[in-house]
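Trainee: Sequence first, predicted coordinates after that:
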Amino acid sequence: MITSIMKKWLEEIEEGITSKKDNAHKYSVYMSRIRKRIDKEFENLLWLSQNMPEVLKDEEWEIQELGVIKRRRLKMLMQAIKGMYPETNPQLVIEEKIEY
């Protein structure tokens, strides 16, 4: 979603090493760039989930490498939701499909 450079810059803000007051123009430009990149990546994620979900799930790799489907990417998405909205409690529930 974000580059390593963007992450490092955001970590500096989080840690208080730098702030918006230090360079308001740079802050504004970087935040705009980060926002646009995240939006673009989410659009790509949505496309992938609708058109090629098997690539996003990566279950074939999980079976080959781990021997079982762990749904690791789904769990990371749920952790991201929990991080964005700590008051929520997303839970993984797999529905059983019963065919008659």
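Mentor: Alright, I've got the coordinates. Numbering: from 1, shown residues only.

Trainee: On the C-terminal side of the helix or strand bottoming out on mean pLDDT in the chain, identify the next helix or strand.
Mentor: The weakest-scoring helix or strand in the chain, judged by mean pLDDT, DSSP states H and E, is helix 59-66 (a mean of 86). Going down the chain from helix 59-66, the next helix or strand is helix 72-84, by DSSP states H and E.

Trainee: Now do the buried residues in that next one.
Mentor: Judged by neighbour count (16 or more other Cβ atoms under 10 Å), helix 72-84 contains these buried residues: Leu77, Met78. The C-beta positions use only the backbone N, C-alpha and C, and glycine is treated the same way.

Trainee: got the contact list for that helix?
Mentor: Leu56, Lys57, Asp58, Glu62, Thr88, Asn89, Pro90, Gln91, Leu92 (Cβ atoms under 8 Å, 6 or more residues apart in numbering).

Trainee: can you rerun that using 7 Å?
Mentor: Leu56, Lys57, Asp58, Glu62, Thr88, Pro90, Leu92 (Cβ atoms under 7 Å, 6 or more residues apart in numbering).

Trainee: With adjacent residues omitted, what lies nearest to the third one?
Mentor: If you skip the residues right next to it in sequence, Asp58 has Arg73 as its closest partner in space, 6.2 Å away by Cβ to Cβ, 6 or more residues apart in numbering.
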